[in-house]
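1. One predicted model, sequence on top.
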Amino acid sequence: MKQVTVWLNTHFNCIQLMRDADAEKQLRIVASYPSRKYADALLSDAFELEPKLSDAEYVRYALDFVKRHSVDVFLPGRRVMEIARHKQAFEAVGVKVVLAASADTLSLLDNKGLFYDCLADSGLVLPDYAVAKSSEQFLAAVNALQERHAVVCFKPTVGIFGFGFRVIETDANRHLLFSIDRALVTDLPGAIKMLEKSGSFQEQIVLEYLPGEERSVDCLADEGRLLHCVVRRKLDDGSRVLERFPALEEQTALLVQRLRLHGLFNVQFKDRDGEPLLLEINARMSGGVVMSCLWGMVFPYWAVRLALDPACVDDLPAPGHGTLRVAELTRAVILE
């Protein structure tokens, strides 16, 4: 394999792991971001400060970037939707873009209400939920779910990083919320006030609150076939346990097949009485994928290999065995 130039526009914490996995030293890694916020970007062979751009402008910038830097493989972690809409333009200039799905499927994954609706007959276990497009629907949804569940929560149907997530407190469930960050707790009048504050109601998904263990599944897939995954269980101290969970791996494989997922992405589950329920799919590498990489396979490195040579699927490392407790640490370095 000749020298290969890979572009990362985030997930710079993967750079050193990719270099370690690249035994033949064939990867040239270029990076870009709108600020110099992430010091790990300095590990790249070239870093470019991105200008502030609209989505349409970013596509034009990206097409220029890949030409200027002779990019072979693009692993986007930002502006993914707009890049997916213009994937053919990148392919026309010889760039392999690693995306989890088509633009249409990405739109589905972005809307949690539509996402759950499309899986209603899939056999996957979902939280009890209702979608609200107005304050009246929100109030009705909360009242209905509170009849079936001790604690109810809500969040925007379209959003990232948990922005807007709140848990609704009542006199009856207050004793159950002691471990939840108080900034995430509100009563029902406070919830409605918050949602009406902007003057227009943003569509919400109202759900049963799941207090059990949380797991992320980092995945590498090929056109609807799950090739490799690592289950990462979250611990309260910030560390993670990498573990085999055959039932969860089977659910993930079913999900990948149904949605014809591809490349790198992350699936999140949370327990109800010991049973994992599907929360969402993040259609890009997770921030914690570097921890999953410690179990024998560096996900972004192999995504690059597969993008260039699908036949190398036979060389993929085997999944880990047992359990492995891991954490991601920050470190100080001298820049000059």
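-> Sure thing, it's come through. Numbering: from 1, shown residues only.

2. Neighbouring strands - and their directions - for the helix or strand hosting residue 279?
-> Element membership of residue 279, judged by DSSP states H and E, is strand 275-282. Strand 275-282 sits in its sheet next to strand 263-272 (antiparallel), going by DSSP bridges.

3. Other residues contacting the partner strand?
-> Residues outside strand 263-272 that contact it (C-beta atoms under 8 Å, 6 or more residues apart in numbering): 75, 98-100, 127, 208, 210, 212-221, 248, 251-252, 255, 276-286, 289, 299-300, 303, 307. (C-beta placed from N, C-alpha, C; glycine too.)

4. Now do the contacts for the residue nearest the centre of the chain.
-> With distances taken as C-alpha atoms, centre = their mean, residue 282 lies nearest the centre of the chain, 2.7 Å away. Going by C-beta under 8 Å, 6+ apart, residue 282 touches 265, 266, 267, 268.

5. Need the residues you listed in CSV (columns: pLDDT and distance to residue 38).
-> Below are those laid out as CSV (pLDDT from 0 to 100; distance: C-beta to C-beta, whole Å):
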residue, pLDDT, distance to residue 38
265, 97, 21
266, 97, 19
267, 97, 25
268, 96, 23
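
6. right, and the pair among those with maximum separation?
-> Maximum pairwise distance among these (C-beta to C-beta): 10.6 Å, between 265 and 268.

7. More neighbours: which of these two?
-> Set side by side, residue 265 and residue 268 show more neighbours around residue 265, with 28 against 18, by other C-beta atoms under 10 Å.

8. Excluding sequence neighbours, find me the nearest residue to the more buried one.
-> Of all residues not flanking residue 265 in the chain, residue 100 sits nearest, at 4.1 Å (C-beta to C-beta, 6 or more residues apart in numbering).

9. In terms of helix, strand or coil, where does the one you found fall?
-> Under DSSP: H, G, I helix; E, B strand; the rest coil, residue 100 falls in the coil class.

10. Test my guess that it contacts residue 261.
-> Yes - assessed by C-beta atoms under 8 Å, residue 100 is found in contact with residue 261 at 5.5 Å.

11. shared neighbours of these two, anything?
-> In contact with both residue 100 and residue 261: 221, 281, using C-beta under 8 Å, 6+ apart.

12. Assumed residue 170 was part of a strand.
-> No - counting by three-state DSSP, residue 170 falls outside a strand, being coil.

13. Now the strand holding residue 279: buried residues?
-> Buried residues in strand 275-282, counting neighbours by 16 or more other C-beta atoms under 10 Å, are found at 276, 277, 278, 279, 280, 281, 282.

14. Now do the next helix or strand after it, average pLDDT.
-> Using DSSP H and E, the next helix or strand after strand 275-282 towards the C-terminus is helix 289-292. When pLDDT is averaged along helix 289-292, the result is 96.

15. contact partners of helix 289-292?
-> So helix 289-292 is contacted by 11, 13-14, 17, 218, 230, 232, 240, 242, 264, 266, 299-300, 326-328 (C-beta under 8 Å, 6+ apart).

16. Which two of those residues have the greatest separation?
-> Using C-beta to C-beta, the contacts of helix 289-292 reach their maximum pairwise distance at 264 and 327, which is 21.4 Å.

17. Compare these two (neighbour count), which wins?
-> Of the pair residue 264 and residue 327, residue 264 is the one with more neighbours under other C-beta under 10 Å, namely 25 against 12.

18. host element of residue 252?
-> helix 246-259.

19. Only the buried residues of that helix, if you could.
-> Neighbour-count burial for helix 246-259 [16+ other C-beta under 10 Å]: 248, 249, 251, 252, 253, 255, 256, 259.

20. Out of the residues you listed, which is nearest to residue 312?
-> Comparing the buried residues of helix 246-259 against residue 312 with C-beta to C-beta places residue 256 closest, at 19.2 Å.

21. just to revisit the earlier point, what's the closest of the contacts of helix 289-292 to residue 79?
-> Proximity to residue 79 was ranked across these by C-beta to C-beta; first place goes to residue 11, at 13.3 Å.

22. How much space separates the closest one from residue 189?
-> Using C-beta to C-beta, to the nearest Å, one obtains 41 Å as the distance from residue 11 to residue 189.

23. now residue 146
-> Following C-beta to C-beta, the distance that separates residue 146 from residue 189 is 14 Å.

24. Repeat that for residue 122.
-> Taking C-beta to C-beta, one finds residue 122 at 36 Å from residue 189.

25. Look at the two and report which has more neighbours.
-> For residue 122 and residue 189, the more surrounded residue by other C-beta under 10 Å is residue 122, and the numbers stand at 14 against 8.

26. Quick one: residues contacting that one.
-> If you count contacts by C-beta under 8 Å, 6+ apart, residue 122 has them with 254, 255, 258.

27. can you pull out the helices in the stretch 1-150 of the chain?
-> 15-21, 55-68, 80-85, 87-92, 103-110, 112-118, 135-146 (DSSP state H, counting those that start in this stretch).

28. Let's have the ones you listed in a markdown table, adding mean pLDDT, mean neighbour count and distance to residue 171.
-> Listed next are those as a markdown table, based on pLDDT from 0 to 100; neighbours: other C-beta atoms under 10 Å; distance: least, C-beta to C-beta, whole Å:
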| stretch | mean pLDDT | mean neighbour count | distance to residue 171 |
| --- | --- | --- | --- |
| helix 15-21 | 96 | 17 | 49 |
| helix 55-68 | 97 | 16 | 46 |
| helix 80-85 | 96 | 19 | 42 |
| helix 87-92 | 97 | 14 | 52 |
| helix 103-110 | 96 | 17 | 36 |
| helix 112-118 | 96 | 18 | 29 |
| helix 135-146 | 96 | 17 | 12 |
